[in-house]
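Engineer: here is my input; please provide its structure:
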Amino acid sequence: MLSTVVDSTAVPRLPVPTARAVVLSPTSSFIGPRSTRPLSHFRGLRMSAPPAMVLPPKFRKERSRDSRLVIVVCEASEATAELPVVTNSTWRSLVLESDIPVLVDFWAPWYEPCQTIEPLIVKLAKEYEGKLKCYKMNTDENPDITTQYGIRSIPTMLLFKDGEKKNAVIGAVPETTLVSLTEKFINS
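Structural biologist: Residues are numbered from 1 along each chain as shown. As a prediction, the model looks like this:
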């Protein structure tokens, strides 16, 4: 598995759907006929042209050889699912009173490592559905719980079983670290 180093922490790259390119000639309209080509080395992007609009010259990238215009539109949010949110008001019922282990991701939307680890936790939630519940808690919006559990760095993942904190992981860690953390308490 390939990894990218972010602040000395390895973060696995997740597979995303293959992108396609929409190739238009500069003289054709954006609504007219299009040809598509698979792009084998671009992942996580959807290539398309904005409907019925002409782009300013600074946004055009023309190829000198065949005078074609290619426009790249990133729609990465379609490739990810989100974790359910837990708040101060739902903490007791969703986390402490759960009959199965719960993994809570303490995060902030403005901090990129928090966004990097969320897809890994979503994947864990899908793999262990029925055996593990996963939630995220925004530390900016829920300072009471964050302070109560001594969260000083984000992202921090806490694992709860039978209403008690059993383990913690701090930072954007590899998937294998999260799997080993959860399997200890799921199988016990």
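Engineer: verify the stated contact: Glu118 with Pro84.
Structural biologist: No. Between Glu118 and Pro84 no contact is recorded; they are 11.7 Å apart, counting by C-beta atoms under 8 Å. From N, CA and C alone the C-beta is placed, and that goes for glycine too.
Engineer: any common contacting residues for the two?
Structural biologist: Residues touching both Glu118 and Pro84 (C-beta atoms under 8 Å, 6 or more residues apart in numbering): Lys136.
Engineer: which stretches in this protein count as helices?
Structural biologist: Chain-ordered helices for the chain, with DSSP state H as the definition, fall at 91, 112-127, 143-148, 175-186.
Engineer: the second one relative to helix 175-186, how many degrees between them?
Structural biologist: So the one you mean is helix 112-127. The directions of helix 112-127 and helix 175-186 differ by 50 degrees, with axes from the mean of the first three to the mean of the last three C-alpha atoms, to 10 degrees as the criterion.
Engineer: helices or strands up against helix 112-127?
Structural biologist: Other elements packing on helix 112-127 under the criterion 3 or more C-beta pairs under 8 Å, 6 or more residues apart in numbering; DSSP states H and E are strand 3-6, strand 9-12, strand 102-107, strand 133-138, helix 175-186.
Engineer: flag every buried residue along that helix.
Structural biologist: Judged by neighbour count using 16 or more other C-beta atoms under 10 Å, the buried positions of helix 112-127 are Pro113, Cys114, Thr116, Ile117, Glu118, Pro119, Leu120, Ile121, Val122, Lys123, Leu124, Ala125.
Engineer: could you give the angle of it to strand 102-107?
Structural biologist: Using the same axes, to 10 degrees: helix 112-127 against strand 102-107 is 160 degrees.
Engineer: orientation of helix 112-127 relative to strand 133-138 in degrees?
Structural biologist: Between the direction of helix 112-127 and that of strand 133-138, the angle (the same axes, to 10 degrees) works out to 160 degrees.
Engineer: restrict helix 112-127 to CA atoms and write it as PDB.
Structural biologist: The C-alpha trace of helix 112-127 is given here as PDB (Å, rounded to 0.1, in the frame of the first residue of the first chain):
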ATOM      1  CA  GLU A 112      -6.500  18.700   7.100                       C
ATOM      2  CA  PRO A 113      -5.100  15.600   9.000                       C
ATOM      3  CA  CYS A 114      -8.600  15.200  10.500                       C
ATOM      4  CA  GLN A 115     -10.100  15.100   7.000                       C
ATOM      5  CA  THR A 116      -7.400  12.700   5.900                       C
ATOM      6  CA  ILE A 117      -8.300  10.000   8.500                       C
ATOM      7  CA  GLU A 118     -12.100  10.200   8.200                       C
ATOM      8  CA  PRO A 119     -12.200   7.900   5.100                       C
ATOM      9  CA  LEU A 120     -10.300   5.300   7.100                       C
ATOM     10  CA  ILE A 121     -12.800   5.400   9.900                       C
ATOM     11  CA  VAL A 122     -15.700   5.300   7.500                       C
ATOM     12  CA  LYS A 123     -14.100   2.100   6.000                       C
ATOM     13  CA  LEU A 124     -13.700   0.600   9.500                       C
ATOM     14  CA  ALA A 125     -17.400   1.400  10.200                       C
ATOM     15  CA  LYS A 126     -18.500  -0.500   7.100                       C
ATOM     16  CA  GLU A 127     -16.200  -3.500   7.700                       C
END
